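Chemist: Prediction below, plus the sequence it came from.
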Amino acid sequence: MRKLLIAFFLFVPSLVMAAGGAHLDHAPVNLKDTESLKRGAKSFVNYCLSCHSAEYMRYNRIGRDLGMSEVEVAQELISTRDAKGEKTKVGELMHVAMTTDYAKEAFGTKIPGLTVIARAKGADYLYTYLRTFYLDETRPTGMNNIAFPDVGMPHVLWNLQGLQKANFETETDAEGNEKQVFVGMEIVKPGQLSKEEYDAFVADLVNFMVYMGEPVQLERQSLGVKVLIFLFILAILAYLLKKEYWKDIH
């Protein structure tokens, strides 16, 4: 019965994903890869932080966790300035330069923060989303997305990835209904990076966003193992103590 329950709870997420439509590629997340996290942090501040904030993360926390000095953090990660025109300080939160009013005027909605986006959406979703923008003349930005159909966000990484078109095939289900099924991408205009290089770039960026969503994840996992070992030893001692107390009765 226990094995059936475990199998059920492992299978449920795949059913939910299938219901969502898009197939999600596996994100190669490795929070122990500090160099990947550093590259991802630089990519985040260069390509994401101009529109999306990370208002629950501080620059100096990133530096401390990734082994960067305050000088390195200031030089490599901080580019924004406050209302007085002064450069953001190392100990400040990662606020966005774009105002809410401008965001509504430019995009018609408030731009969401990305501090915990990896926990909300999942690493696989972000990895797939950032790699599946395609040309679509019916959209205001001229782009659409396989993971997020009719997305309003422009493809800000197009100069790195290039421009691609999505290929679809028409399939008929058991009830005779026709539907368009995505079968792959085709590069129309090459970008600055090859496919492999762009995938690695996105992997680093997603890796950093996973870290940012829970900076203490590795510590939590390590502590969890220690707690389980402690409870296992405690259970043995409790059992031996119980036998000692009840030995005359049994």
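Modeler: Nice, thanks for sending it over. Predicted model, so just to flag it, every value in this text is computed and none were measured.
Chemist: CA atoms for contacts and neighbours, from now on please.
Modeler: Will do.
Chemist: How far does the helix ranked longest in the chain sit from its chain's centre?
Modeler: If you go by DSSP state H, the chain has its longest helix at helix 217-246. Centroid separation between helix 217-246 and its chain, computed with CA atoms, centre = their mean, to the nearest Å, is 34 Å.
Chemist: Residue 170 - that's part of a strand, no?
Modeler: Yes: judged by DSSP: H, G, I helix; E, B strand; the rest coil, residue 170 forms part of a strand.
Chemist: What number of residues are in the vicinity of it?
Modeler: By other CA atoms under 10 Å, 11 other residues sit near residue 170.
Chemist: For it, which residues are in contact?
Modeler: 178, 179, 180, 181 (CA atoms under 8 Å, 6 or more residues apart in numbering).
Chemist: Next, the third one: phi, psi?
Modeler: When you say that, I think you mean residue 180. According to degrees, to the nearest 10, the main-chain angles of residue 180 amount to phi -90, psi 130.
Chemist: what about it, neighbour count?
Modeler: Counted with other CA under 10 Å, residues neighbouring residue 180 total 11.
Chemist: Was I right to think it contacts residue 169?
Modeler: Yes: Residue 180 lies in contact with residue 169 (CA atoms under 8 Å); the separation is 5.5 Å.
Chemist: which residues of the chain fall in helices?
Modeler: Here the chain has its helices, by DSSP H, at 2-20, 34-47, 59-66, 70-76, 100-107, 117-121, 123-129, 158-161, 195-213, 217-246.
Chemist: State the mean pLDDT of the longest one.
Modeler: It refers to helix 217-246. Model confidence over helix 217-246, given as mean pLDDT, is 92.
Chemist: do the same with the first one
Modeler: When the per-residue pLDDT values of helix 2-20 are averaged, the result is 43.
Chemist: do the second one as well
Modeler: Helix 34-47 comes out with an average pLDDT of 96.
Chemist: next one: the fifth one
Modeler: Helix 100-107 shows a mean pLDDT of 74 in the predicted model.
Chemist: List the residues that contact the spatially most central residue of the chain.
Modeler: When CA atoms, centre = their mean is applied to the chain, the residue found nearest the centroid is residue 118 (3.5 Å). By CA under 8 Å, 6+ apart, residue 118 lies in contact with 126, 206, 209, 210, 213.
Chemist: Distance check, it against residue 54.
Modeler: For residue 118, the distance to residue 54 equals 12 Å [CA to CA, to the nearest Å].
Chemist: what does residue 225 give?
Modeler: Using CA to CA, residue 225 is found at 30 Å from residue 54.
Chemist: And the two? Which one has more around it.
Modeler: Between residue 225 and residue 54, counting by other CA under 10 Å, residue 54 is the more crowded of the two (24 against 11).
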